[in-house]
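> here's a sequence, model it:
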Amino acid sequence: MISYEPLWQTLKNKSISTYALRTKHNISSETIHRMKKNKAVTTTKIDDLCNILDCTVEEIIKHIKT
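The predicted structure is shown next:
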């Protein structure tokens, strides 16, 4: 299972809100909603987030064995 738990900590550490992601960086509400529910998003969106947040993939997602 993919978890976006690291994303929320990265946002907190960088003082960036989900509102800023939506309004300033054009990340859709649907994408944020999907990540909050640990649903799939495209690797393009993961790449966009890495560029926006200037971070690594590991700071956005983690894999949890099921």
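
> what ranges does this structure have for its strands?
Assigned by DSSP state E, the chain shows strands spanning 2-3, 62-63.

> which among these is found nearest to K36?
Among the strands of the chain, the nearest to K36 by Cβ to Cβ is strand 2-3 (11.0 Å). Placement of C-beta: from N, CA and C, glycine included.

> paired strands for the closest one, with orientation please.
Looking at strand 2-3 with DSSP bridges, its partner strands are strand 62-63 (antiparallel).

> what's in contact with the partner strand?
Strand 62-63 has contacts (Cβ atoms under 8 Å, 6 or more residues apart in numbering) with M1, I2, S3, E5, P6.

> how far off centre is that strand?
12 Å (Cα atoms, centre = their mean, to the nearest Å).

> quick one: pLDDT of the residue nearest to Y4 when sequence neighbours are not counted?
Residue nearest to Y4 in three dimensions, not counting chain neighbours: M35, with 4.3 Å by Cβ to Cβ, 6 or more residues apart in numbering. pLDDT for M35: 97.

> do the same with the one 5 residues further on
For A40, the model assigns a pLDDT of 94.

> check T66 too.
Per-residue confidence (pLDDT) for T66: 84.

> packing partners of the longest helix seen in the chain?
Using DSSP state H to define each element, the chain has its longest helix at helix 43-53. On a contact count with 3 or more Cβ pairs under 8 Å, 6 or more residues apart in numbering; DSSP states H and E, helix 43-53 meets helix 5-13.

> the helix it packs on: which residues count as buried?
For helix 5-13, a neighbour-count test (16 or more other Cβ atoms under 10 Å) marks P6, L7, T10, L11 as buried.

> thinking again about what came up before, just how off-centre is the longest helix of the chain within its chain?
8 Å.

> sorry, back to before: in a markdown table: the strands of the chain, plus mean neighbour count.
Rendered in a markdown table, the data for the strands of the chain read as follows (neighbours: other Cβ atoms under 10 Å):
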| stretch | mean neighbour count |
| --- | --- |
| strand 2-3 | 14 |
| strand 62-63 | 12 |
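
> relative to S15, which of the contacts of strand 62-63 is nearest.
Using Cβ to Cβ, P6 comes nearest to S15 of those, at 16.2 Å.

> residue contacts, the closest one?
With contact taken as Cβ under 8 Å, 6+ apart, P6 is in contact with E58, E59, I60, I61, K62.
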